[in-house]
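> Build me a structure from this.
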Amino acid sequence: MSQGAAGDDGTLPPDEVAAGNTAQAQAWNGQDGQHWARRREHLEERYRRLTPRLMAAAGIRADSRVLDVGCGSGGTSLAAGRAAPEGSVLGVDLSRPMLAEARQQAAAAGLSQVTFAKGDAQIHRFADGAFDVVLSRCGVMFFADPRAAFRNLARALRPGGRLAFLCWRELRENAYLTVPFAALAPYVQLPDLGAPGEPGPFSLAAADRITALLGGAGFEEISLTALDEPMWMGTDADDAVASLTTMPMAQEMLSGVDEETGTRARAALRDAMTAHLGPDGVTLGSAAWLVTARRR
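Alright, predicted model coming up:
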């Protein structure tokens, strides 16, 4: 069965960005997407405690048809492909740079049943009931209209099909951000990560909002499990600082200060990372929801 209107070259029609998602598309096709494509291996290491929890919850079978929403550079799509050698996986993302990396990784792994397409899952016209499983690793928090997005994903699932995704809980619970932010705060202007409920990394932090959105979209058996896992930041303090300060968000913060202030900010960040150095390198806490549901 077709997974949707993807062309032979894995592309989607050019109408694939909802009006409210254009800023996200621009960011992920610019510096953000280029950065995370280059840092694919580091990103997979950061998620190494969370990804196995997501994949286990997805319940992928050997012949499952899987949609990976916000697939990025393909880490979860490849994991899904290994779990579904007789099935198929379609990874969808807005970022051309990350999709290019994903395709290279799938080809290198010999996973011909894993394909990728550029598109906005909020509005893309997937074929009705085309998938057995929809999954996402922190890729569903940025929709301009989450109600429409989850309705669209429900339509793409067969009746009884399974949804599994990870999303962040409250910012204050996520030390992987609060610790570096606290170190940098005396020196730079911290970024605005969006008000509660607005598109952004913490838009789905409230459990009751998730339940309401999914229930209204046609899902049942909705379950939320709080996951508290260490996030790997680097092999040592210098590696962690280098990783953090090459992120576009950090570069924007540091670009607004003079050289001396930037040096002091980096030193404070290094001290903070040193305080969290252990046998496994630098680790900081993360707090996520593991969400599962079935389509009615």
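> In contact with Gln34, which residues are there?
Counting by C-beta atoms under 8 Å, 6 or more residues apart in numbering, Gln34 makes contact with Pro97. Any C-beta I mention is one placed from the backbone N, CA and C, and that applies to glycine too.
> pLDDT of the helix or strand harbouring it, averaged?
Per DSSP states H and E, Gln34 falls inside helix 31-38. Averaging pLDDT along helix 31-38 gives 91.
> so who does Gly72 touch?
Trp36, Leu43, Asp93, Ser95, Met98, Ala102, Arg137, Gly139.
> Tell me the spacing between the last one and Leu254.
Read that as Gly139. 27 Å (C-beta to C-beta, to the nearest Å).
> Out of the contacts of Gly72, give me the two with the largest separation.
Maximum pairwise distance among the contacts of Gly72 (C-beta to C-beta): 14.1 Å, between Ser95 and Arg137.
> right, and the helix or strand after the lengthiest helix in the chain?
If you go by DSSP state H, the chain has its longest helix at helix 259-274. Downstream of helix 259-274, the first helix or strand assigned by DSSP H and E is strand 277-278.
> Each with direction, which strands does that next one pair with?
Strand 277-278 has its sheet partners listed here by DSSP bridges as strand 281-295 (antiparallel).
> what's the offset of the partner strand from the middle of its chain?
11 Å (C-alpha atoms, centre = their mean, to the nearest Å).
> and it, which residues are buried?
Across strand 281-295, burial judged by 16 or more other C-beta atoms under 10 Å covers 281-284, 286-295.
> repeat for stretch 251-267
By neighbour count on 16+ other C-beta under 10 Å, the buried set for stretch 251-267 is Met253, Leu254, Val257, Gly262, Ala265, Arg266.
> With stretch 176-192 instead?
Quick answer for stretch 176-192 (16+ other C-beta under 10 Å): Tyr176, Leu177, Val179, Pro180, Phe181, Ala183, Leu184, Tyr187, Val188.
> Which single one of the residues you listed is nearest to Thr225?
Nearest member of the buried residues of stretch 176-192 to Thr225, counting by C-beta to C-beta, is Tyr176, at 19.0 Å.
> Tell me the secondary structure of the closest one, please.
Here Tyr176 is recorded as helix under DSSP: H, G, I helix; E, B strand; the rest coil.
> wait, isn't it in contact with Leu284?
Yes. Contact status for Tyr176 versus Leu284: in contact at 4.2 Å, counting by C-beta atoms under 8 Å.
> okay, and the common contacts of the two?
Counting by C-beta under 8 Å, 6+ apart, the contacts common to Tyr176 and Leu284 are Met231, Met233.
> Gly197: neighbour count?
For Gly197, the neighbour count with other C-beta atoms under 10 Å is 13.
> Against Ala25, how distant is it?
To Ala25, Gly197 is 21 Å away according to C-beta to C-beta.
> just Arg158 next, same as before
Counting by C-beta to C-beta, the separation of Arg158 from Ala25 is 29 Å.
> okay, those two: which has more neighbours?
Using other C-beta under 10 Å as the criterion, Arg158 and Ala25 rank with Ala25 on top: 18 against 15.
> Mind pulling up the pLDDT for that one?
85.
> So it: helix, strand or coil?
Three-state call for Ala25 (three-state DSSP): helix.
> Adjust the sequence numbering to begin at 52 for everything that follows.
Will do, 52 is the new start, and the previous item becomes Ala76.
> Test my guess that it contacts Gln173.
No. Counting by C-beta under 8 Å, Gln173 is not a contact partner of Ala76; they are 11.1 Å apart.
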